[in-house]
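>>> could you look at this predicted model? Sequence included:
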Amino acid sequence: MPYFMELSLASQMGYIRLLTHADDEGFVCNPKLIGVGKISLKALEEAGLIFCFRTGPILIRHWLQHNLIRKDTFKSTNFAQEKAQVTLDKNKIYRLKTDTDTERERNEAAPQDNINKPNSIQPKKS
(Lines give C-alpha, C1' and ligand atoms only; values in the text may rest on other atoms or scores of the structure.)
Protein backbone atom coordinates (compact mmCIF):
# COMPACT_ATOMS: atom_id res chain seq x y z
CA MET A 1 0.00 0.00 0.00
CA PRO A 2 1.66 3.28 -1.08
CA TYR A 3 1.90 6.22 1.24
CA PHE A 4 0.03 9.38 0.37
CA MET A 5 3.21 11.25 -0.58
CA GLU A 6 4.16 8.45 -2.99
CA LEU A 7 0.95 8.97 -4.99
CA SER A 8 0.97 11.13 -8.09
CA LEU A 9 0.26 14.82 -7.64
CA ALA A 10 -3.02 14.36 -9.52
CA SER A 11 -4.10 11.67 -7.03
CA GLN A 12 -3.03 13.79 -4.07
CA MET A 13 -4.98 16.77 -5.40
CA GLY A 14 -7.96 14.51 -6.11
CA TYR A 15 -7.94 13.34 -2.48
CA ILE A 16 -7.89 16.93 -1.25
CA ARG A 17 -10.83 17.76 -3.52
CA LEU A 18 -12.73 14.78 -2.16
CA LEU A 19 -12.05 15.94 1.40
CA THR A 20 -13.46 19.38 0.69
CA HIS A 21 -16.63 18.06 -0.97
CA ALA A 22 -17.54 15.21 1.39
CA ASP A 23 -20.71 15.21 3.47
CA ASP A 24 -20.68 14.97 7.27
CA GLU A 25 -19.98 11.22 7.16
CA GLY A 26 -17.27 11.25 4.47
CA PHE A 27 -19.30 10.41 1.35
CA VAL A 28 -18.86 12.20 -1.98
CA CYS A 29 -21.70 11.98 -4.49
CA ASN A 30 -19.97 12.13 -7.87
CA PRO A 31 -16.20 12.59 -7.78
CA LYS A 32 -16.03 13.19 -11.55
CA LEU A 33 -18.04 16.40 -11.15
CA ILE A 34 -15.30 17.87 -8.97
CA GLY A 35 -12.51 16.85 -11.34
CA VAL A 36 -11.27 13.60 -9.81
CA GLY A 37 -10.58 11.14 -12.61
CA LYS A 38 -10.76 7.35 -12.78
CA ILE A 39 -6.99 6.90 -12.57
CA SER A 40 -6.76 8.99 -9.39
CA LEU A 41 -9.72 7.19 -7.85
CA LYS A 42 -8.15 3.83 -8.59
CA ALA A 43 -4.83 4.92 -7.07
CA LEU A 44 -6.57 6.25 -3.94
CA GLU A 45 -8.59 3.07 -3.57
CA GLU A 46 -5.48 0.89 -3.99
CA ALA A 47 -3.75 3.03 -1.36
CA GLY A 48 -6.62 2.24 1.04
CA LEU A 49 -7.75 5.85 1.35
CA ILE A 50 -11.23 5.54 -0.18
CA PHE A 51 -13.93 3.03 -1.08
CA CYS A 52 -15.53 3.34 -4.52
CA PHE A 53 -19.07 2.01 -4.62
CA ARG A 54 -20.57 0.63 -7.82
CA THR A 55 -23.54 2.93 -7.36
CA GLY A 56 -21.33 6.01 -7.83
CA PRO A 57 -20.41 7.62 -4.51
CA ILE A 58 -17.10 7.20 -2.75
CA LEU A 59 -16.30 7.10 0.96
CA ILE A 60 -13.21 8.58 2.56
CA ARG A 61 -12.04 5.83 4.92
CA HIS A 62 -10.30 8.02 7.52
CA TRP A 63 -12.91 10.78 7.52
CA LEU A 64 -13.97 10.39 11.14
CA GLN A 65 -10.36 10.37 12.37
CA HIS A 66 -9.80 13.86 11.03
CA ASN A 67 -13.18 15.56 11.19
CA LEU A 68 -15.42 16.41 14.08
CA ILE A 69 -18.91 17.64 13.26
CA ARG A 70 -20.94 19.29 15.99
CA LYS A 71 -24.03 17.28 16.93
CA ASP A 72 -26.33 20.25 16.45
CA THR A 73 -25.16 20.77 12.85
CA PHE A 74 -24.57 17.12 11.84
CA LYS A 75 -26.55 15.88 8.84
CA SER A 76 -26.70 12.17 8.04
CA THR A 77 -25.58 11.05 4.63
CA ASN A 78 -28.03 10.45 1.79
CA PHE A 79 -26.17 7.24 0.95
CA ALA A 80 -27.83 4.87 3.43
CA GLN A 81 -27.36 1.78 1.23
CA GLU A 82 -23.64 2.41 0.90
CA LYS A 83 -23.29 3.24 4.59
CA ALA A 84 -24.94 -0.09 5.44
CA GLN A 85 -22.06 -1.83 3.64
CA VAL A 86 -19.38 -0.42 5.95
CA THR A 87 -18.56 -0.43 9.61
CA LEU A 88 -16.19 1.56 11.82
CA ASP A 89 -13.25 -0.10 13.49
CA LYS A 90 -11.89 0.92 16.90
CA ASN A 91 -9.67 3.57 15.26
CA LYS A 92 -12.64 5.27 13.54
CA ILE A 93 -11.64 3.97 10.11
CA TYR A 94 -14.36 2.73 7.77
CA ARG A 95 -13.99 -0.82 6.53
CA LEU A 96 -16.21 -2.98 4.38
CA LYS A 97 -18.44 -5.36 6.29
CA THR A 98 -17.73 -9.03 5.99
CA ASP A 99 -20.27 -11.84 6.02
CA THR A 100 -19.32 -12.42 9.67
CA ASP A 101 -20.13 -8.80 10.55
CA THR A 102 -23.51 -9.04 8.85
CA GLU A 103 -24.36 -12.31 10.63
CA ARG A 104 -23.30 -10.82 13.97
CA GLU A 105 -25.58 -7.81 13.42
CA ARG A 106 -28.50 -10.07 12.61
CA ASN A 107 -27.94 -12.11 15.74
CA GLU A 108 -27.52 -9.05 17.97
CA ALA A 109 -30.64 -7.38 16.62
CA ALA A 110 -32.90 -10.39 17.11
CA PRO A 111 -34.41 -10.75 20.58
CA GLN A 112 -33.26 -13.89 22.33
CA ASP A 113 -35.35 -15.99 24.70
CA ASN A 114 -33.74 -16.89 27.99
CA ILE A 115 -34.13 -20.64 28.31
CA ASN A 116 -32.78 -20.68 31.87
CA LYS A 117 -35.32 -18.27 33.31
CA PRO A 118 -39.09 -18.86 33.20
CA ASN A 119 -41.32 -16.26 31.66
CA SER A 120 -42.02 -13.49 34.18
CA ILE A 121 -45.59 -13.07 32.96
CA GLN A 122 -47.85 -15.30 35.00
CA PRO A 123 -51.17 -16.50 33.62
CA LYS A 124 -54.26 -14.94 35.17
CA LYS A 125 -55.95 -17.02 37.82
CA SER A 126 -59.70 -17.30 37.63
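The structure has been received and is ready for your questions.

>>> all contacts plus neighbour counts: C-alpha atoms, from now on.
Will do.

>>> in the top helix by length along the chain, which residues are buried?
In the chain, with assignment by DSSP state H, the single longest helix is helix 9-21. Going by neighbour count (16 or more other Cα atoms under 10 Å), the buried part of helix 9-21 is 10-12, 14-15, 17-19.

>>> which one of those residues is nearest Val28?
Leu18 (6.7 Å; Cα to Cα).

>>> contacts only, for the closest one.
Listed by Cα atoms under 8 Å, 6 or more residues apart in numbering, the contact set of Leu18 reads 28, 31, 34, 36, 60.

>>> for the first one, which non-adjacent residue is closest in space?
So that's Val28. Nearest residue to Val28 in three dimensions, chain neighbours excluded: Ala22, at 4.7 Å (Cα to Cα, 6 or more residues apart in numbering).

>>> name the helix or strand of this protein that has the lowest mean pLDDT.
One helix or strand of the chain scores below all others by mean pLDDT, DSSP states H and E: helix 99-109, with a mean of 60.
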